[in-house]
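Peer 1: Below are the sequence and a predicted model; questions follow.
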Amino acid sequence: MNSFFKEYFDRTIFFCALSLVGIGLLSIYSATFDAYEGRDFYRQLLWAVIGFFAMLSMMLLPLRWLQRNAFRIFFTSLSLLVLVLLVGKRVYGSQSWLGFAGLGIQPSEFVKITTMLALASFLSQSDVKATDLKDLVKSSAIVALPIGLIMLQPDFGTALTFLAMYIPVLYWAGASKFLIIIIIAPAFVAAASIFGTTPFLIVLILLGAGLYKLRNENRFFATIVFGANVVIGFFVQIVYEKLPMYQQKRIATFLDPNNDPLGAGYNVIQAKVAIGSGGLIGKGFMRGTQTQLSFIPKQWTDFIFCVPGEEFGFLGGVVVLGLFAILLFHGVHLASTAKNKFGNLLAMGFTCLFAFHVFVNIGMSVGLMPVIGIPLPFLSYGGSSLVSYMMVAGLMMNVYANRKEY
Amino acid sequence: MIDDFGSADRRFVVRIVLVAGFVILLGRLFQLQYVNAELYGKEAEENSIRNVPKVALRGYVYDRKGKLLVDNRPSYSVMVTPVDFDKKQLPLLSAILAMPETLVVDKIKLGRKYNAFIPTRIKRDISFAELSMLEEHKDKLYGVEIQMESKRFYPADAHGSHLFGYAKEISDVQLDKQKEYYQPGDIIGSTGIEAKYEQLLRGEKGWEFISQNAKGQIIGTFDNGKHDIPPVDGLDLHLAIDGDVQAMAESLLSDKRGAVVAIDPRNGGIIALVSKPDYDLSIFSGTTSPDVWRALNNDEGIPLYNRATLTRYPPGSTFKMLLALTALDKKIIDEHWVVTCPGSFRYGNKIFRCEHVHGTVNVVDAIHRSCNVFFYQLMLKVGLDDWSEMGKQFGFGKQTKVDITEENSGLMPDRNYYDRIHGKGKWTQGYLISLGIGQGEVGVTPLQLANYTAMIANKGKYFQPHALNKTFNKRTKIYTETKVEQREINLSEHTWELVREGMRRVAMAPGGTGWASRVPGIEVAGKTGTAQNPHGKSHAWYVGFAPFEDPKIAICVLVENVGYGGAFAAPIAGLCMEQFLYGEIIRYGKKPMKLEPNLPDEEPVAANQ
């Protein structure tokens, strides 16, 4: 019995996910208790219970059935996104909520999962090659559909997560470093050009070095790519300077929140103060002055990391990061060992999804990343995101259980 | 290429990226929480930005002539910032404010629950003595501050208790529903126009950013107040109300229970809406003591209850026009159809009474002299369906959707109703007879009856009754007119003429029951009514409009438990119409004067206190 359990039950993911959910619940309890007598906490607790069962059922679903029906599930979920645009509720400026039986549901969270299912199902077909132009177009169409619908809401941060999943999966499935550089370089070049000449030059030098190292691919093409990126950089800079002042300010603030200490920067500064003042061992549970005094708006959603950061200090931060690290490296291990290509791609895609959320969300709380409103998996307040990430954990456990099957 | 899938090379790259990510985050945490921990710790303690809400000036309310009805006056509130307040000073603070310590503690706790860093209101509208005492002990009372704000003030004679409604401190229930905008201690419109147009009147709160240290002492404005968001004043409301008519109607009903609703038939604007007994709105504008509340709630006259929109009484004879219009429109009768009234009407073994022996009457006479027998017989001829259909077209049996307050939908009985109450086939024509004279199950509100009168005055044209004419934005100087929904009941001109002529005779011709509603120099049309009341004296109704040829005001008056409509309700209507049409009372001579209850041959119906 015990060995059977060991063989088919992924204790690592189970342990990490539940521990993180527990830390999240404690944080939400601490951050919201004073305000509305813990109602938000109980609501999240209820979602965690629902998420737990969702996780178990995702673990038990036959993987082959998922693979066969991935597109049906995908398109059904896309219809929810369309529905949201038609009848959805507007929260913080984007129309991403679906009211359902008194509960708010954010379909975009679940579409992340279904998109990955569709993508993995497509890329695992024996006649599909990730690098063929034809298949590349098809796979990017799979991702473009949800991105397009989510940009209409508009929810930039969530749309970005799809790319964070797609590009690494493409790489994992065989696309060359060269291709990946072509795809991601323009974004970095554009951002750097707004920051100023020095960052722009540094990014260009890095790009040049990368392309030089990969020159065997196609020297002529590499030169063209480099040239195109230089042009993009200058073009972005010219457009940026032509923009009205307030829009420039908005972009600059997005890239560096410290520019605007009362707008987007307000959260970041307060978050940094909260985390920094936590010190090595923190101020103690429910004792964080910044947390308890509601200095950080939207704290229990996007800035939840401040709570363990302030109340449990560096120690708390290390525990949270450590749990995520175990989860992510385990995910890579899973992707490296699973024999089934579909499961293998799922493991990689979901690992990258987690990685992106963790790095961007925590990076934003510690002032290293722009403020993109995406949740911290398992910890952030919000039913849809909690349940969907627990489902993702369940699917990864499913891949583990089936890892030896071809 | 495919063998490259998930290759060792790729595994390595992915792992490197992950390691890099975690190392960077860990390093940053170490930097923030170890290297710079002291700095941030100090910052957390010493220098925080706090945002303080700035309440916007609530919009003013004007009447149709531009007279200010609802004003703002300065008042001072004591605010306490929960985190800053030193509990040891509690006895001092509660002594100054003459509040029990427990109450002060409760208020502070409530504020803490919302946001311990934002000042919460402990006492509103403090006296000058309290203000000076607080100033004197300022150095001891950390976290206590005085905030200047405004309270409602009612400069006009009109009370308008049910019309304007009150704005008072937000209740926990209200707060729970709208916690995005409101905070404990905020003012929110709770009844009448204040509630209906809360969103317009309240404006938008502003925010002031201040820097302060851990003790809550304010270091100064943040960044010279450059980031402060100034409050946006509420919109001013210009009502269709005529403040003088409103005040007149209120004073005429002052020792009565009843209601007056007057509507401008040209556009549906409400000229006056009065319910009596009423109460003084200003008791809600500062602090409202629980005793005052209890007294208002326990008063047997139920002053908080809006009789103009909530009472549901049978309309009595004022409903005869409805039946006459139905019969004429459906060509069931014409003006030559007559009934001979012997003073009563026998149906089966039941006798239905009339007030007089009217002899032979046609439809115009029957309205003029309010002959019941005519309408008993007519009701049997017309039947339930056409009558109730017409009643619904006049808006009976459903809410008028007026923009003032909650309302009763009344009851317009129809076939379904009778089938439901008595069972299908178990009711007979005999049940209908008294409906013809507006008695029995039928129930209307004064507002519905006024709307019906306005429609008759207009020969069928309907305008949605409304109090708000337009709003005014003080910042942009833009007026926004209210859109008024319109429709029409199409009846022949002749039908309207006959019924209106009957109404004209009620007021103007000898033998009419509504002569007391006459206005000097102006032709009035009207109809009196008496709603039977099983619990005591009848309720007096009057509906009417003037001038007859070009109606500018339609009015409905209800006086409870006094008797005949002609004697008690009609004179009130006459004076209100006179006030509206002339802008003053002229019947006692040219010099404007306050009303004396001195009508010939009348009991004193209206006393001006």
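Peer 2: Nice, I can see it. Numbering: from 1, shown residues only, chains lettered A, B, ... in the order given.

Peer 1: list the helices and strands whichever strand or helix holds residue B:24 packs on?
Peer 2: Assigned by DSSP states H and E, residue B:24 belongs to helix B:8-30. Using 3 or more CB pairs under 8 Å, 6 or more residues apart in numbering or on different chains; DSSP states H and E, the elements in contact with helix B:8-30 are helix A:156-172, helix A:313-337, helix A:341-365. Any C-beta I mention is one placed from the backbone N, CA and C, and that applies to glycine too.

Peer 1: just the angle between it and helix A:313-337, please?
Peer 2: Orientation check (axes from the mean of the first three to the mean of the last three CA atoms, to 10 degrees): helix B:8-30 against helix A:313-337 gives 170 degrees.

Peer 1: Let me see the mean pLDDT of helix B:8-30.
Peer 2: Averaging pLDDT along helix B:8-30 yields 92.

Peer 1: contacting residues around it?
Peer 2: Contacts with helix B:8-30, where a contact means CB atoms under 8 Å, 6 or more residues apart in numbering or on different chains, come from A:168, A:171-172, A:177, A:275, A:309, A:314, A:317-318, A:321, A:324-325, A:328-329, A:332, A:336, A:348, A:355, A:358-359, A:362-363, A:366-368, B:4.

Peer 1: Report the distance from it to the chain centre.
Peer 2: Put simply, helix B:8-30 sits 65 Å off its chain's centre (CA atoms, centre = their mean, to the nearest Å).

Peer 1: Quick check: buried residues in that helix?
Peer 2: Going by neighbour count (16 or more other CB atoms under 10 Å in any protein chain shown), the buried part of helix B:8-30 is B:10, B:11, B:14, B:18, B:21, B:22, B:25, B:26, B:28, B:29, B:30.

Peer 1: so which of the helices and strands packed on helix B:8-30 is the most packed in?
Peer 2: Of the helices and strands packed on helix B:8-30, the one with the most neighbours on average (mean count of other CB atoms under 10 Å in any protein chain shown) is helix A:341-365, at a mean of 25.

Peer 1: tell me what that helix is packed against?
Peer 2: Against helix A:341-365 (3+ CB pairs under 8 Å, 6+ apart) you get helix A:63-87, helix A:107-123, helix A:156-172, helix A:264-278, helix A:313-337, helix A:383-401, helix B:8-30.

Peer 1: List just the one of those that sits closest to residue A:10.
Peer 2: helix A:383-401 (3.7 Å; CB to CB).

Peer 1: Is the closest one in proximity to chain B?
Peer 2: No. Against chain B, helix A:383-401 shows no contacts by CB under 8 Å from any CB of the partner chain, the least distance being 13.0 Å.

Peer 1: Find the closest residue to chain A in chain B.
Peer 2: With CB to the nearest CB, the shortest gap between chain B and chain A falls at residue B:40, namely 2.6 Å.

Peer 1: and the helix or strand hosting that residue, which residues are buried?
Peer 2: If you go by DSSP H and E, residue B:40 is part of helix B:37-46. Buried positions in helix B:37-46, judged by neighbour count with 16+ other CB under 10 Å: B:37, B:40, B:41, B:43, B:44.

Peer 1: Include distance to residue B:135 and pLDDT when you put those residues into JSON lines, please.
Peer 2: Compiled in JSON lines, those are given as follows (distance: CB to CB, whole Å; pLDDT from 0 to 100):
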{"residue": "B:37", "distance to residue B:135": "41", "pLDDT": "83"}
{"residue": "B:40", "distance to residue B:135": "37", "pLDDT": "81"}
{"residue": "B:41", "distance to residue B:135": "36", "pLDDT": "78"}
{"residue": "B:43", "distance to residue B:135": "33", "pLDDT": "70"}
{"residue": "B:44", "distance to residue B:135": "32", "pLDDT": "70"}
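
Peer 1: With respect to residue B:76, which of the residues you listed is nearest?
Peer 2: Set against residue B:76, the nearest of the buried residues of helix B:37-46 by CB to CB is residue B:44 (33.3 Å).

Peer 1: pretty sure the closest one contacts residue A:274?
Peer 2: Yes. Assessed by CB atoms under 8 Å, residue B:44 is found in contact with residue A:274 at 7.1 Å.

Peer 1: surely residue A:167 meets residue A:180?
Peer 2: Yes. Applying CB under 8 Å, one finds residue A:167 in contact with residue A:180, separated by 6.3 Å.

Peer 1: What residues does residue 324 make contact with?
Peer 2: As the question left the chain open, I've gone with chain A. A:16, A:20, A:354, A:358, B:22.

Peer 1: I was after chain B.
Peer 2: By CB under 8 Å, 6+ apart, the contact list for residue B:324 reads B:363, B:366, B:367, B:375, B:378, B:498, B:499, B:502.

Peer 1: Between which two of those residues is the distance greatest?
Peer 2: Farthest pair in the contacts of residue B:324, by CB to CB: B:375 and B:498, 14.3 Å.

Peer 1: neighbour-wise, which of these two wins?
Peer 2: Taking neighbours as other CB atoms under 10 Å in any protein chain shown, residue B:375 and residue B:498 compare with residue B:375 leading, 30 against 20.

Peer 1: Can you mark which positions in stretch B:575-586 are buried?
Peer 2: Residues B:575, B:576, B:577, B:578, B:579, B:580, B:581, B:585, B:586 are the ones in stretch B:575-586 that count as buried (16+ other CB under 10 Å).

Peer 1: now, which of the residues you listed sits nearest residue B:169?
Peer 2: residue B:576 (35.0 Å).

Peer 1: name the element that closest one belongs to?
Peer 2: In this structure, residue B:576 sits in helix B:570-582 according to DSSP H and E.

Peer 1: Report the contact partners of the closest residue to residue A:310 other than its chain neighbours.
Peer 2: Using CB to CB, 6 or more residues apart in numbering or on different chains and skipping the chain neighbours, the partner closest in space to residue A:310 is residue A:288 (3.8 Å). Residues in contact with residue A:288 (CB under 8 Å, 6+ apart) are A:30, A:274, A:278, A:282, A:306, A:307, A:310, A:311.

Peer 1: Show me what the helix or strand where residue B:273 lies is packed against.
Peer 2: Assigned by DSSP H and E, residue B:273 belongs to strand B:270-276. Using 3+ CB pairs under 8 Å, 6+ apart, the elements in contact with strand B:270-276 are helix B:161-164, helix B:243-252, strand B:258-263, helix B:307-310.

Peer 1: After it, which helix or strand is next?
Peer 2: Proceeding N to C from strand B:270-276, the next assigned helix or strand is helix B:290-298, under DSSP H and E.

Peer 1: Now do that following helix: everything it contacts.
Peer 2: Against helix B:290-298 from outside (CB under 8 Å, 6+ apart): B:279, B:283, B:303, B:304.

Peer 1: For the stretch 101-250 of chain A, what lies in contact range of chain B?
Peer 2: Within the stretch 101-250 of chain A, the positions adjacent to chain B are A:129, A:130, A:131, A:168, A:171, A:172, A:173, A:174, A:177 by CB under 8 Å from any CB.

Peer 1: got a markdown table for these, with pLDDT too?
Peer 2: Converted to a markdown table, those look like this (pLDDT from 0 to 100):
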| residue | pLDDT |
| --- | --- |
| A:129 | 82 |
| A:130 | 77 |
| A:131 | 75 |
| A:168 | 91 |
| A:171 | 89 |
| A:172 | 90 |
| A:173 | 88 |
| A:174 | 84 |
| A:177 | 81 |
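
Peer 1: what's the domain layout of chain B?
Peer 2: Using automatic domain parsing, the domain ranges for chain B come out as B:50-239, B:243-582.
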